[in-house]
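Participant: just need the structure, nothing else, for what follows:
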Amino acid sequence: MMAFDTRSEVVQGMVQTHTFLQYLPTVRALWADSGIQHAYDRRREFQLGESIKYFLDNLDKLGDPDYLPSQQDILLARRPTKGIHEYDFEIKNVPFKMVDVGGQRSERKRWFECFDSVTSILFLVSSSEFDQVLMEDRLTNRLTESLNIFETIVNNRVFSNVSIILFLNKTDLLEEKVQKVSIKDYFPEFEGDPHNLTDVQKFLVDCFRTKRRDQQQKPLYHHFTTAINTENIRLVFRDVKDTILHDNLKQLMLQ
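Facilitator: This is a model prediction of the structure:
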């Protein structure tokens with residue numbers, strides 16, 4: 001009965017420490033079970049979070065009564081963006097306003113509420129999800145959905161003078177996945193080595209580039225990122241900042 005009662009608390013992330021510690025040995029035993037491991041190997045068929053393995057592999061650390069989350073723990077304990085969130089910050093005295101919008105289908109109808117006066121669009125894609133389907137629609141490939149959304153945005157006249165920067169995220173997971181899964185099974189037009197990271201990344205970039213009908217628009221910039229690698233993100237964001245400032249300064253000079 002107690003296990004049943006705590007399910008809603010688990011979902012809401014409100015489990016008390018004593019409850020977690022009580023069930024820790026059971027969770028550890030389940031995670032070590034070969035059947036569970038086999039099910040995890042088929043995780044692309046389910047809507048499993050990518051951080052599950054990290055936390056289950058670190059149960060002993062999480063079960064320490066004096067446990068404090070590390071920066072890595074915090075970065076991996078993410079939730080999907082819901083709604084529209086604005087963030088104001090400065091980098092070397094240059095003000096930025098970043099608007100983060102949810103990517104789920106139910107969130108997209110609200111996107112255009114915040115597209116006034118946009119100077120740059122950062123389009124974030126999970127590069128490792130080429131073999132997965134949407135949570136809302138189990139018939140639609142996630143990468144295909146991202147390509148369709150991207151096509152709609154880059155060909156919208158409203159954004160003809162807007163810098164568009166493509167982030168192909170989760171490079172670490174992509175590198176791991178291409179060793180086991182062939183992208184050609186999901187995208188038959190792929191012509192390179194399906195187990196070569198560079199070939200797969202080039203294919204992904206080309207997929208997005210070809211969605212742009214007017215090649216005379218502003219250049220399409222792209223970056224391969226690993227969001228939980230803070231040094232990688234720091235370097236990438238430095239380049240992005242320079243790109244945004246450079247493009248918008250040039251636009252001002254043409255006015």
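Participant: which residues are in contact with the residue nearest to Ala227 when sequence neighbours are not counted?
Facilitator: Spatial nearest neighbour of Ala227, chain neighbours left out: Asn169 (5.5 Å); criterion: Cβ to Cβ, 6 or more residues apart in numbering. Any C-beta I mention is one placed from the backbone N, CA and C, and that applies to glycine too. Taking Cβ atoms under 8 Å, 6 or more residues apart in numbering, we find Asn169 in contact with 124-127, 225-227.
Participant: most neighbours among those, which one?
Facilitator: Ser127 (26 neighbours; other Cβ atoms under 10 Å).
Participant: I'd say that one and Leu168 touch.
Facilitator: Yes - in this structure Ser127 lies within contact range of Leu168 using Cβ atoms under 8 Å: 4.2 Å.
Participant: what touches both of those two?
Facilitator: 201, 204, 224.
Participant: narrow the residues you listed to those in helices?
Facilitator: Judged by DSSP state H, the shared contacts of Ser127 and Leu168 include 201, 204 as members of helices.
Participant: name the nearest of the shared contacts of Ser127 and Leu168 relative to Thr26.
Facilitator: Of all those, Thr26 sits closest to Phe224, with 39.5 Å by Cβ to Cβ.
Participant: what is the neighbour count of that closest one?
Facilitator: 18.
Participant: CA atoms only: put stretch 205-216 into CSV for me.
Facilitator: Taking C-alpha atoms only, stretch 205-216 is exported to CSV below (Å, rounded to 0.1, in the frame of the first residue of the first chain):
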residue,chain,number,x,y,z
VAL,A,205,23.6,19.2,-41.1
ASP,A,206,22.8,18.7,-44.8
CYS,A,207,19.3,17.6,-43.9
PHE,A,208,18.7,20.9,-42.2
ARG,A,209,20.4,23.0,-44.8
THR,A,210,18.3,21.6,-47.7
LYS,A,211,15.2,22.7,-45.9
ARG,A,212,16.0,26.3,-46.7
ARG,A,213,14.5,27.2,-50.0
ASP,A,214,16.2,30.6,-50.4
GLN,A,215,19.9,30.0,-50.1
GLN,A,216,20.6,33.7,-50.5
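Participant: in TSV: the contacts of Asn169, plus secondary structure and pLDDT.
Facilitator: Putting these into TSV (DSSP: H, G, I helix; E, B strand; the rest coil; pLDDT from 0 to 100) gives the following:
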residue	secondary structure	pLDDT
Leu124	strand	88
Val125	strand	91
Ser126	strand	92
Ser127	coil	95
Thr225	coil	90
Thr226	coil	88
Ala227	coil	81
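Participant: possible to save the shared contacts of Ser127 and Leu168 as JSON lines with pLDDT and distance to Arg79?
Facilitator: Below are the shared contacts of Ser127 and Leu168 laid out as JSON lines (pLDDT from 0 to 100; distance: Cβ to Cβ, whole Å):
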{"residue": "Gln201", "pLDDT": "97", "distance to Arg79": "27"}
{"residue": "Leu204", "pLDDT": "98", "distance to Arg79": "25"}
{"residue": "Phe224", "pLDDT": "93", "distance to Arg79": "24"}
